[in-house]
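Asks: what follows is a predicted structure for the sequence shown.
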Amino acid sequence: AQSVTQLGSHVSVSEGALVLLRCNYSSSVPPYLFWYVQYPNQGLQLLLKYTSAATLVKGINGFEAEFKKSETSFHLTKPSAHMSDAAEYFCAVSASADRGSTLGRLYFGRGTQLTVWP
Amino acid sequence: EAQVTQNPRYLITVTGKKLTVTCSQNMNHEYMSWYRQDPGLGLRQIYYSMNVEVTDKGDVPEGYKVSRKEKRNFPLILESPSPNQTSLYFCASSPTRLAGGRGEQFFGPGTRLTVL
């Protein structure tokens, strides 16, 4: 089974500070991992994804995430926060191997609301 | 423009009054699904469809129905809405089930439903 735990439902940073959003996963097969961003009153947008290629994945808007198998983690980082980064961020996992009904399904974490202070 | 559309975007209704939220995609995608988003719970899958006339339950299907008579449309039906179905609903589509699992999943803008 696949599941995701996002540590911290709310994270606040100052503009220009490092952003670190934590995600740990559980998967019975090699996982695919994703970060989605949801801006106010909008749908979800894919920020970046790990699908078993390079462990350090770069996404849009300067975000990146590193897949660490030994720590079962996929934390999202950005060196310098911008006011426009304020949004809710969701980590998600899916199964890379055929597992019947779980194939292709995304399992989402509970989300982390990022606030950026001026 | 490739997109997933949902209607209505906002809906306030009363307990027991049947309603339908429509979802349509113009990308010829095989796989479509419905999620509900609740504060502190993230997104949970309600139903999904792998192709026309093929649907299956997700994690929270109780109180919902779906149909897939055409490839582009995947309506969500609440036959007797209750207050615990007040939520934000998202429709999503992907080229195939496998592609969806690889992150090629497109989300609609959401429908905010309030059941009084």
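Replies: Received, thanks.
Asks: ok, now which ones touch the closest residue to chain B within chain A?
Replies: Proximity of chain A to chain B (CB to the nearest CB) peaks at residue A:104, 3.6 Å away. Heads up, the C-betas are built off the backbone N, CA and C, glycines and all. Shown in contact with residue A:104 (CB atoms under 8 Å, 6 or more residues apart in numbering or on different chains): A:94, B:31, B:94, B:96-101.
Asks: the same query, at a cut-off of 6 Å, please.
Replies: By CB atoms under 6 Å, 6 or more residues apart in numbering or on different chains, the contact list for residue A:104 reads B:97-98, B:100-101.
Asks: can you narrow the residues you listed to ones near chain A?
Replies: With CB under 6 Å from any CB of the partner chain as the criterion, the contacts of residue A:104 include B:97-98, B:100-101 near chain A.
Asks: in helices only, show me these.
Replies: Members of these lying in helices (criterion: DSSP state H): B:97-98, B:100-101.
Asks: can you put the contacts of residue A:104 in CSV and add pLDDT and neighbour count?
Replies: Formatted as CSV, the contacts of residue A:104 follow (pLDDT from 0 to 100; neighbours: other CB atoms under 10 Å in any protein chain shown):
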residue, pLDDT, neighbour count
B:97, 78, 17
B:98, 78, 16
B:100, 77, 26
B:101, 77, 25
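Asks: my guess is residue A:86 contacts residue A:116, does it?
Replies: Yes. Counting by CB atoms under 6 Å, residue A:116 is a contact partner of residue A:86 at 4.8 Å.
Asks: one step back: roughly how far apart are the residue of chain A closest to chain B and residue A:38?
Replies: Using CB to CB, to the nearest Å, residue A:104 is found at 21 Å from residue A:38.
Asks: closest to residue B:88 out of the contacts of residue A:104?
Replies: Of all those, residue B:88 sits closest to residue B:100, with 20.0 Å by CB to CB.
Asks: wait, what's in contact with that closest one?
Replies: By CB under 6 Å, 6+ apart, residue B:100 lies in contact with A:104, B:31, B:94.
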